[in-house]
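[1] The sequence isn't on hand, but the structure is:
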């Protein structure tokens, strides 16, 4: 892999490295947020469960993951947890980011669910719905609208945090820019290009989720 990267640098087609790095960054961010959303939904239900064992498991998960820096977690996953399996660096990074994001999504979803008025649950049960039907048909839709801004922020933060994937030599956008800087001895163009790309990604996501939020609010009014 690094031989082809070196050839690309020598040939002068350095912009290809940025495109490759951008592709890896987007891939890691999208897969990780999907994994984080699934984990967050599961552990959020654990946290509001009446089962004390499930609540303790969820509490340990969120406390440990949110209490350790992401860069440290990334290296622990790569050099300790998954080292015997010989997994690909990108896969390890994706799993690490997904597990990390899951802890934050857990608290986001928990707060959203518990933020829905308790009378909504009582109303659902009085209509003949069971506990899970009330959750999925009444509580979850209201909670989703409430947590959307915070969830958007988590996705944006996740994209920016992919920059530390270079700690385990993942060829992401930041790593590509750094390699171009080392090859050309010019820090301005590659690093500012990376910063501009990250800015465009975050602004685009902010706009996209803003449109979604407005449409959801409009559907409520209608």
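    That came through fine. Just so we're clear, the structure is a prediction, and the values are computed from it rather than from any experiment.

[2] How about the contacts made by residue 104?
    Contact partners of residue 104, counting by CB atoms under 8 Å, 6 or more residues apart in numbering, are 36, 40, 66, 154. Heads up, the C-betas are built off the backbone N, CA and C, glycines and all.

[3] can you tell me the helix or strand for the first one?
    Here residue 36, judged by DSSP states H and E, is contained in helix 15-47.

[4] helix or strand right after that helix?
    If you walk from helix 15-47 toward the C-terminus, the next helix or strand you reach (DSSP H and E) is helix 52-67.

[5] May I see the buried residues of that following helix?
    Of the residues in helix 52-67, those buried under the neighbour-count criterion (16 or more other CB atoms under 10 Å) are 54, 58, 61-62, 65.

[6] next one: stretch 128-140
    Within stretch 128-140, the residues scored as buried using 16+ other CB under 10 Å are 129, 134-135, 138-140.

[7] which parts of stretch 35-53 are buried?
    Judged by neighbour count using 16+ other CB under 10 Å, the buried positions of stretch 35-53 are 35-37, 39-47.

[8] Let's have the residues you listed in TSV, adding pLDDT.
    Below are those laid out as TSV (pLDDT from 0 to 100):
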residue	pLDDT
35	96
36	95
37	95
39	96
40	95
41	93
42	94
43	96
44	94
45	92
46	94
47	93
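
[9] Spatially, which two of these are the most separated?
    Greatest spatial distance in the buried residues of stretch 35-53: 35 and 47, 18.2 Å, computed using CB to CB.

[10] Could you list the low-pLDDT ranges of the protein?
    1-14, 217-222 (pLDDT under 70).

[11] Which stretches in it count as helices?
    2-11, 15-47, 52-67, 70-76, 89-115, 118-126, 131-134, 140-161, 173-184, 188-221 (DSSP state H).

[12] could you redo the ones you listed as TSV and give each row distance to residue 83?
    Rendered in TSV, the data for those read as follows (distance: least, CB to CB, whole Å):
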stretch	distance to residue 83
helix 2-11	20
helix 15-47	19
helix 52-67	19
helix 70-76	10
helix 89-115	9
helix 118-126	46
helix 131-134	40
helix 140-161	22
helix 173-184	20
helix 188-221	29
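
[13] so which of the ones you listed comes closest to residue 167?
    Set against residue 167 and scored by CB to CB, the helices of the chain come closest in helix 70-76, at 5.6 Å.

[14] Pull out the buried residues from that closest one.
    When burial is assessed from 16+ other CB under 10 Å, helix 70-76 yields the following buried residues: 70-71, 73-75.

[15] returning to what we had before: and residue 82, which of the helices of the chain is closest to it?
    Shortest distance between residue 82 and the helices of the chain, using CB to CB, is found for helix 89-115: 5.2 Å.

[16] Report the angle between the closest one and helix 140-161.
    Relative orientation of helix 89-115 versus helix 140-161 (axes from the mean of the first three to the mean of the last three CA atoms, to 10 degrees): 140 degrees.

[17] Tell me which residues of helix 89-115 come out buried.
    Counting neighbours by 16+ other CB under 10 Å, one finds that the buried residues in helix 89-115 are 89-90, 92-110, 112-113.

[18] Give me the spatial nearest neighbour of residue 114, chain neighbours excluded.
    The shortest distance from residue 114 to any non-neighbouring residue, by CB to CB, 6 or more residues apart in numbering, is to residue 48 (6.5 Å).

[19] Could you pull up phi and psi at that neighbour?
    Reported as degrees, to the nearest 10, the phi and psi values for residue 48 are phi -100, psi 0.
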